[in-house]
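Novice: sequence? don't have it. structure:
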């Protein structure tokens with residue numbers, strides 16, 4: 001397959017490149033050449049800004065394009081419209097954040113999506129990210145006359161994840177000692193290894209699937225206790241887990257998904273319980289969580305010692321919370 005990837009040098013993009021090359025596809029990247037510019041010296045790269053610089057793609061044709069970095073509807077529409085006659089199929093990487101609140105348990109692709117009062121707004125924030133992705137999906141679908149696959153990805157994890165929204169847990173367990181954990185060992189979580197997402201996305205693109213797909217994992221929500229126990233076994237640490245109630249964490253102002261990755265309050269619990277049956281039927285599979293944890297730890301070991309974490313509880317904050325919990 002002749003494949004154009006918009007982006008391609010960060011996290012999911014690089015996983016897509018690696019998977020596509022392993023599968024024998026011919027890959028071209030379109031990006032600004034700013035992120036990891038020396039990563040793929042033997043892969044064709046066309047440098048340009050997708051916002052106003054699409055003429056760099058003039059005169060070229062590909063069988064399919066995967067858009068990994070579309071956040072503004074106007075920009076996504078411009079790319080899809082420009083490429084409509086140059087590609088047969090457009091895959092847009094969207095997000096499970098497209099769904100409206102309150103999010104029901106086991107939400108499928110037909111669940112209500114978020115809306116914006118001012119659809120011309122382009123500022124990306126916690127409040128607008130999901131609605132903007134909805135409008136991006138619409139823009140890609142309209143410009144491609146329905147020839148668009150909408151990959152509503154969940155929390156993407158694994159090596160090269162700069163968000164730290166999963167990496168915190170293996171690293172924290174490896175450090176050992178008393179570990180603050182939210183809710184209970186049975187608390188269900190959903191996430192997907194970036195390499196599993198890349199593999200499914202490529203296969204779905206090859207098959208020219210269209211419309212929205214919820215793409216996260218595993219097949220059933222993974223108990224957080226199992227995740228932490230697995231990390232402890234792999235690292236050989238002396239970590240012991242203190243399970244702290246959700247109401248207490250909310251009372252203490254703990255920021256869900258940021259200070260405590262994978263945890264959301266009860267009223268948002270649907271975010272760890274999406275219906276992924278459609279993607280499973282289309283071939284979505286998952287590697288063992290042991291592999292994801294092990295590879296994540298190996299990658300973390302390559303980061304500098306002075307790295308500043310973007311998510312997770314700082315040690316002092318965790319100690320304060322544990323002291324308050326025990327006192328209560």
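Specialist: Yep, it's here. Because the structure is a prediction, the values reported are computed rather than measured. Numbers count the residues shown, from 1 in each chain.
Novice: for the residue nearest to the spatial centre of the chain, grab phi and psi.
Specialist: Ranked by distance to the mean C-alpha position of the chain (CA atoms, centre = their mean), the top residue is residue 156 at 3.1 Å. For residue 156, the backbone dihedrals (degrees, to the nearest 10) come out as phi -100, psi 130.
Novice: list the contacts for it?
Specialist: 11, 12, 191, 192, 193, 194, 197 (CB atoms under 8 Å, 6 or more residues apart in numbering). (Each C-beta comes from the backbone N, C-alpha and C, glycine too.)
Novice: just give me the neighbour total for the last one.
Specialist: Okay, so that is residue 197. Residue 197: 28 surrounding residues under other CB atoms under 10 Å.
Novice: first-to-last residue distance for stretch 245-255?
Specialist: 14 Å (CA to CA, to the nearest Å).
Novice: model confidence over it, on average?
Specialist: Averaging pLDDT along stretch 245-255 gives 98.
Novice: residues of it that come out buried?
Specialist: By neighbour count on 16 or more other CB atoms under 10 Å, the buried set for stretch 245-255 is 246, 249, 254.
Novice: next one: stretch 260-270
Specialist: Applying a neighbour-count criterion of 16+ other CB under 10 Å, one finds 260, 261, 262, 263, 264, 269, 270 buried in stretch 260-270.
Novice: min pLDDT across those, which one?
Specialist: Lowest pLDDT among the buried residues of stretch 260-270: residue 269, 82.
Novice: which ones are touching that residue?
Specialist: With CB under 8 Å, 6+ apart, residue 269 has these contacts: residue 105.
Novice: in a strand, that's where it is, yeah?
Specialist: No. Counting by DSSP: H, G, I helix; E, B strand; the rest coil, residue 269 is not part of a strand but helix.
Novice: how far away is it from residue 192?
Specialist: Computed with CB to CB, to the nearest Å, the distance linking residue 269 and residue 192 is 18 Å.
Novice: please apply the same query to residue 95.
Specialist: Residue 95 is 12 Å from residue 192, by CB to CB.
Novice: between these two, which contacts overlap?
Specialist: Common contacts of residue 95 and residue 192, defined by CB under 8 Å, 6+ apart, comprise residue 153.
Novice: neighbour-wise, which of the two wins?
Specialist: A direct count of neighbours by other CB under 10 Å for residue 95 and residue 192 places residue 192 higher, at 26 against 21.
Novice: next, the contact list for that one, please.
Specialist: Residue 192 touches 153, 154, 155, 156, 157, 215, 216, 217, 286, counting by CB under 8 Å, 6+ apart.
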